[in-house]
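Asks: Below are the sequence and a predicted model; questions follow.
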Amino acid sequence: MKILQVYRSEPSDDVKTLVGILNRDRDADEFSLNVENPDYDQLVEKVFAADKTVCWW
Amino acid sequence: MAADPNKLAIFVTSPQNMRHVMGIANAAKKAGKTPMIFFTFKSIHLTKDARFADLAEQCGEENLAICADSYTCEGYDSAADIPAGLTANQMRTQAFHGALLDECGKYIVL
Amino acid sequence: MESLKVYILVANRMYCDGVRSGLGLAVENHYAYPVIMNGEFPNFSTYMTENIAWVMDMEGQVYSCGAAAPDNCVDEEGDKLIAEIALNELGEAMRDADFIIPYGLPKQTNEPPPACAE
């Protein structure tokens, strides 16, 4: 399974723990929205390439 | 009905992500995908953003809605003050979120 | 229509509306698991308590992660309506989720002032 983790802000320790468990034994990718100019084209590409996307606070 | 693999659900729950909503919706359209968007709870304040009407027009009546109860809870008038770009048909319930889950092959929360 | 497992994570006290959102999915025949993180509980109005009980009736569950389940949200027998779940347990449970929804905003740094604490 391909899982994509997207972050809207700096992930907390709790989020990092949950992501570690969710990504275990999976093909994991990530994307940060917490930048000045996110590459939305790349994000959409990644979302459609993944089986599941989690977009954290 | 099976989920459409080319349809992207955007479930908006935060009032501070309008640039991401616009950016992702535009990028999805550019990639030949169809965004389907639901605004709920405090994100309905984004209906007052100057970019909202344009977003609504791009998505079309079937593919964008807001939670009418949230709109009322936040103090707006869901009968006399329907947001610019929307029709009364787009003042919906949480069932629209259920439709996002059922109809869209991909899903993101903002 | 397939019933989906949906976890709704609430990290900010202002966003316990995530429980209502979960109930909305439950009545659409999905399994809803709203999770209130680190004790960010709402005021348990009759409306909120009824919603939490209704999620359970629809084979979902409201959880507390990172804090003891509150003893002021109970059913008619006095049993707690919110179940406790550890962070690791939550992570393992969510591996089977169809959707994971971090709802609203992240946890606030400061405690709420009296103007909005209640």
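Replies: Received it, and whenever you're ready, just let me know what you need. Worth saying up front: this structure is predicted, and the values here are computed from it rather than measured. Residues are numbered from 1 along each chain as shown, chains lettered A, B, ... in the order given.

Asks: Whatever helix or strand residue B:106 lives in - which strands sit beside it in the sheet, and in what orientation?
Replies: Using DSSP states H and E, residue B:106 maps to strand B:104-109. The sheet places strand B:104-109 alongside strand B:4-12 (parallel), with pairing taken from DSSP bridges.

Asks: near chain A, anything from the helix or strand just after the strand it pairs with?
Replies: Downstream of strand B:4-12, the first helix or strand assigned by DSSP H and E is helix B:18-30. Yes: using Cβ under 8 Å from any Cβ of the partner chain, helix B:18-30 reaches chain A at B:20, B:23-24, B:26-28, B:30. All C-beta atoms are positioned from the backbone trio N, CA, C, and that covers glycine.

Asks: do stretch B:44-57 as well
Replies: No: Stretch B:44-57 does not reach chain A (Cβ under 8 Å from any Cβ); its nearest approach is 13.6 Å.

Asks: Kindly check the end-to-end length of that stretch for me.
Replies: Stretch B:44-57 has an end-to-end distance of 17 Å (Cα to Cα, to the nearest Å).

Asks: Give the rounded mean pLDDT of that stretch.
Replies: Mean pLDDT, stretch B:44-57: 97.

Asks: Identify the residues contacting that stretch?
Replies: Counting by Cβ atoms under 8 Å, 6 or more residues apart in numbering or on different chains, stretch B:44-57 makes contact with B:12, B:15, B:18, B:21-22, B:25, B:37, B:39, B:64, B:66-67, B:70-71, B:74, B:76, B:83-86, B:90, all of which sit outside it.

Asks: Are any of these buried, and if so which?
Replies: Neighbour-count burial (16 or more other Cβ atoms under 10 Å in any protein chain shown) applied to the contacts of stretch B:44-57 gives B:12, B:15, B:18, B:21-22, B:25, B:37, B:39, B:64, B:66-67, B:70-71, B:74, B:76, B:83, B:85-86, B:90.

Asks: For the residue in chain B positioned nearest to chain C, what are phi and psi?
Replies: Nearest residue of chain B to chain C, counting by Cβ to the nearest Cβ: residue B:94, 2.5 Å away. Main-chain torsions, residue B:94, degrees, to the nearest 10: phi -60, psi -10.

Asks: Contact partners for it?
Replies: Contacts of residue B:94 by Cβ under 8 Å, 6+ apart are B:40, B:67, C:20-21, C:23-25, C:28.

Asks: try 7 Å
Replies: By Cβ atoms under 7 Å, 6 or more residues apart in numbering or on different chains, the contact set of residue B:94 is B:67, C:21, C:24.

Asks: what's the answer for residue B:101, then?
Replies: By Cβ under 7 Å, 6+ apart, residue B:101 lies in contact with B:107, C:4, C:30, C:99.

Asks: Quick check: the farthest pair among these?
Replies: Farthest-apart pair in the contacts of residue B:101 is B:107 and C:30; separation 12.9 Å (Cβ to Cβ).

Asks: Next, the spatially closest residue to residue A:11 that is not a sequence neighbour: phi, psi?
Replies: Excluding the flanking residues, the one nearest residue A:11 by Cβ to Cβ, 6 or more residues apart in numbering or on different chains is residue A:56, at 6.0 Å. Residue A:56 has phi and psi values of phi -80, psi 160 when expressed as degrees, to the nearest 10.

Asks: Kindly report the residues of chain A close to chain B.
Replies: Proximity of chain A to chain B, by Cβ under 7 Å from any Cβ of the partner chain, involves residues A:6, A:8, A:33, A:38, A:40-41, A:43-44, A:47-48, A:53, A:55.

Asks: just checking, which of these belong to strands?
Replies: A:6, A:53, A:55 (DSSP state E).

Asks: thinking again about what came up before, what does the strand holding residue B:106 contact?
Replies: For strand B:104-109, contacts defined as Cβ under 7 Å, 6+ apart pick out A:6, A:47-48, A:53, A:55, B:3-11, B:13, B:24, B:36, B:100-101, C:99, C:101-102.

Asks: For the residue of chain A positioned farthest from its centre, what is the enclosing helix or strand?
Replies: The outermost residue of chain A relative to its centre, with distances by Cα atoms, centre = their mean, is residue A:36 at 17.2 Å. For residue A:36, there is no enclosing helix or strand under DSSP H and E.
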